[in-house]
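Chemist: fold the following, please.
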Amino acid sequence: MPALATPVTVGVDTHLELHVAAVIDQTGRLLGTQAFPASTRGYVALVTWAEGFGPVERVGVEGTGTFGAGLTRFVRAYGLAVVEVARPDRSTRRRHGKSDPIDAQAAARATLAGIAATVPKTRDGQVEMIRVLRVARRGAMKARVAAAEQLYGVLWSAPDELRQPLLGLTTKALVRHARRCGQGR
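Modeler: As a prediction, this is how the structure comes out:
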C-alpha cells in the first residue's frame with residue numbers, strides 16, 4: 001500500500017512580472033523555491049510545480065489585491081485555499097536580508113504557522129463594482145481639477161487685452177469660451 005503524501009504549504013512573493021514561490025512541508029522544512037511568470041501560464045506552472053511536492057494544503061500570497069490578484073483568483077478557482085500574507089516587517093528584512101526567495105519562504109512559514117490567516121477579498125460583486133466606480137470618479141475629478149488649473153494658468157499668463165475680458169468668468173464659462181476659441185469662432 002503506498003504511503004500517503006504529506007501536505008505542503010506554499011508561500012508566494014508577488015511582483016508585476018514575476019512571482020517567486022516557496023514550498024515547505026508540515027515541519028517548516030524548505031522543499032523548493034522557484035520563480036514563475038505573472039501570467040495564466042505561470043500560475044498553472046506554479047500550482048503544478050507545488051503539487052509535485054505533495055497535496056497543497058494552503059497558499060499564502062503577498063499582495064492579493066495588487067500584483068497577486070490574478071494568482072489569487074486562479075488558485076481559488078483551482079480549488080485551493082488561499083490566505084493573504086502581510087509583507088515582512090523591516091526589522092525582519094534587515095536581520096535576514098531582502099530577497100524574493102527569502103520573502104516567499106517567510107510567506108510560506110507565516111501561512112503554515114497560522115499567522116497569515118486572512119482570507120483575501122474576492123474582488124467581485126456589488127462592493128467591487130462600487131469600488132471601481134469610485135476609483136474612476138476620483139480619477140475623473142482629479143483630471144477635471146487639473147484641467148481647470150491649467151486653463152487658469154494660461155489665463156493668468158495671457159496678455160492683458162486677452163485676459164481682462166475673461167477675469168470675471170466662472171470655470172464653466174471659461175471652458176465654453178476656450179471651446180469656442182478652439183473651434184475658430
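
Chemist: residue contacts, Val23?
Modeler: Residues in contact with Val23 (C-beta atoms under 8 Å, 6 or more residues apart in numbering) are 8-10, 30-33, 49-50, 53, 108. C-betas here are computed from N, CA, C, even on glycine.

Chemist: helix or strand for the residue of the chain positioned farthest from its centre, which one?
Modeler: Relative to the centre of the chain, the most outlying C-alpha is that of Glu161, 51.0 Å out, by C-alpha atoms, centre = their mean. Assigned by DSSP states H and E, Glu161 belongs to helix 160-163.

Chemist: please apply the same query to Val61.
Modeler: Using DSSP H and E, the element containing Val61 is strand 56-62.

Chemist: and that strand, what does it pack onto?
Modeler: If contacts are counted by 3 or more C-beta pairs under 8 Å, 6 or more residues apart in numbering; DSSP states H and E, strand 56-62 sits against strand 8-13, helix 40-51, helix 69-78, strand 82-85, helix 100-113.

Chemist: just give me the neighbour total for Phe74.
Modeler: 18 (other C-beta atoms under 10 Å).

Chemist: now do the closest residue to it other than its chain neighbours: how many residues are near it, please.
Modeler: Nearest non-adjacent residue to Phe74, counting by C-beta to C-beta, 6 or more residues apart in numbering: Tyr43, 4.2 Å away. Residues lying near Tyr43 (other C-beta under 10 Å) number 22.

Chemist: weed out the non-buried ones from the contacts of Val23.
Modeler: For the contacts of Val23, a burial check counting by 16 or more other C-beta atoms under 10 Å picks out 8-10, 31, 33, 50, 53, 108.

Chemist: please identify which of the residues you listed is nearest to Arg137.
Modeler: Val10 (37.6 Å; C-beta to C-beta).

Chemist: shaky segments in this protein?
Modeler: 1-4, 89-97, 184-185 (pLDDT under 70).

Chemist: looking at it, which helix is longest?
Modeler: Assignment by DSSP state H gives helix 125-157 as the longest helix of the chain.

Chemist: quick one: buried residues of that helix?
Modeler: 151, 155.

Chemist: what is it packed up against?
Modeler: helix 171-182.

Chemist: buried residues in the helix it packs on?
Modeler: So helix 171-182, judged by 16+ other C-beta under 10 Å, has buried residues 174, 177.

Chemist: other residues contacting that helix?
Modeler: Applying C-beta under 8 Å, 6+ apart, the contact partners of helix 171-182 are 148, 151-152, 155, 166, 169.

Chemist: quick one: which of the residues you listed is nearest to Ala113?
Modeler: Ala148 (52.6 Å).

Chemist: what residues are up against the closest one?
Modeler: 171, 175.

Chemist: got the contact list for the residue nearest to Phe74?
Modeler: 36, 70-71, 74-75.

Chemist: make JSON lines from the helices and strands packed on strand 56-62 and add distance to Lys121 to it.
Modeler: Written out in JSON lines, the entries for the helices and strands packed on strand 56-62 read as follows (distance: least, C-beta to C-beta, whole Å):
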{"stretch": "strand 8-13", "distance to Lys121": "17"}
{"stretch": "helix 40-51", "distance to Lys121": "19"}
{"stretch": "helix 69-78", "distance to Lys121": "9"}
{"stretch": "strand 82-85", "distance to Lys121": "8"}
{"stretch": "helix 100-113", "distance to Lys121": "17"}
